[in-house]
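>>> Below: sequence and its predicted model.
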Amino acid sequence: MGSRKCGSCLSGLLIPLALWSIIVNILLYFPNGQTSYASSNKLTNYVWYFEGICFSGIMMLIVAAVLLVLENESNYKCCQSENCSKKYMTLLSMIFSALGIAFSGYCLVISALGLVQGPYCRTPDGWEYAFEGTAGRFLTDSSIWTKCLEPAHVVEWNIILFSILIALSGLQVIVCLIRVVAQLSKILCGTYSVIIQPGII
């Protein structure tokens, strides 16, 4: 009972993390609160990977919903025996937790790449990735941020939002990883085996 409650808490935590990921990703489309740059496609290319909206957002909401359903005690009735049902629930929970790691891991990697690449902005030489060749060194040298003339404060905007996405998706990875370890421990420690024995059903 305690492990199911803990699992439900962890699954429930994925929901606000997913919702915040969607919000933060949407904000990346509107540097400094302006919509004109999205319509003219003057945004960093990594925002078009929909890492926060789709993968760390919508897909993680689906994963969280499925995990919450699987944690419901009334669902342990898919076979003729309760032990058999628990085996299926454990296996499904591991699969969806692993999918959660994949979805949030995708967002984590893409967000990190977007952070290191830097924003697409107007410089004295025109529209370009002003810090693409710095290997992320611009992140600690605010004196060169003025190279980006437009959108205003786009460097700070990208750094803050991509960093938040990294943190949110990182927490999702941790939550899903904890769930995988917890379910795997049930199998390996003999709480119940996922191998269905003849005669159980």
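Arrived safely. Residues are numbered from 1 along each chain as shown.
>>> From here on, just use CA atoms for contacts and neighbour counts.
Noted.
>>> and whatever helix or strand residue 109 lives in, which residues are buried?
Using DSSP states H and E, residue 109 maps to helix 82-117. Along helix 82-117, these residues count as buried under the neighbour rule (16 or more other CA atoms under 10 Å): 83-94, 96-108, 110-112, 114-117.
>>> From the contact counts, what lies against it?
Counting contacts by 3 or more CA pairs under 8 Å, 6 or more residues apart in numbering; DSSP states H and E, helix 82-117 is packed against helix 59-71, helix 154-188.
>>> Please name whichever of those helices is nearest to residue 135.
helix 154-188 (14.2 Å; CA to CA).
>>> Just want the angle from that closest one to helix 82-117.
Per axes from the mean of the first three to the mean of the last three CA atoms, to 10 degrees, the angle that helix 154-188 makes with helix 82-117 is 160 degrees.
>>> Now do helix 154-188, average pLDDT.
For helix 154-188, mean pLDDT is 93.
>>> which SS state does residue 122 fall under?
strand (DSSP: H, G, I helix; E, B strand; the rest coil).
>>> Contact partners for it?
128, 148, 149, 150, 151 (CA atoms under 8 Å, 6 or more residues apart in numbering).
>>> And the buried ones among the residues you listed, selectable in PyMOL?
Under the burial definition 16+ other CA under 10 Å, those of these that qualify are selected in PyMOL by:
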select buried, resi 128+148+150+151
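>>> Save the contacts of residue 122 as CSV, and put in secondary structure too.
Converted to CSV, the contacts of residue 122 look like this (three-state DSSP):
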residue, secondary structure
128, strand
148, coil
149, coil
150, strand
151, coil
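>>> how about the contacts of residue 122 in TSV, adding pLDDT and distance to residue 45?
Output for the contacts of residue 122, formatted as TSV (pLDDT from 0 to 100; distance: CA to CA, whole Å):
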residue	pLDDT	distance to residue 45
128	96	11
148	95	16
149	95	18
150	94	16
151	94	15
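>>> Residue 132 is nearest to which of the helices and strands packed on helix 82-117?
Judging the helices and strands packed on helix 82-117 by CA to CA, what sits closest to residue 132 is helix 154-188, at 12.4 Å.
>>> can you pull the buried residues of the closest one?
For helix 154-188, by 16+ other CA under 10 Å, it's 154-159, 161-177, 179-180, 183-184, 187.
>>> Which is the succeeding secondary structure element to the helix or strand of the chain with the lowest mean pLDDT?
When the helices and strands of the chain are scored by mean pLDDT, DSSP states H and E, helix 2-27 comes last with a mean of 85. Next along the chain after helix 2-27, taking DSSP H and E as the criterion, comes helix 36-39.
>>> Report the buried residues of that next one.
Buried, per 16+ other CA under 10 Å, within helix 36-39: residue 37.
>>> now do stretch 135-152
For stretch 135-152, by 16+ other CA under 10 Å, it's 136, 138, 139, 145, 148, 150, 151, 152.
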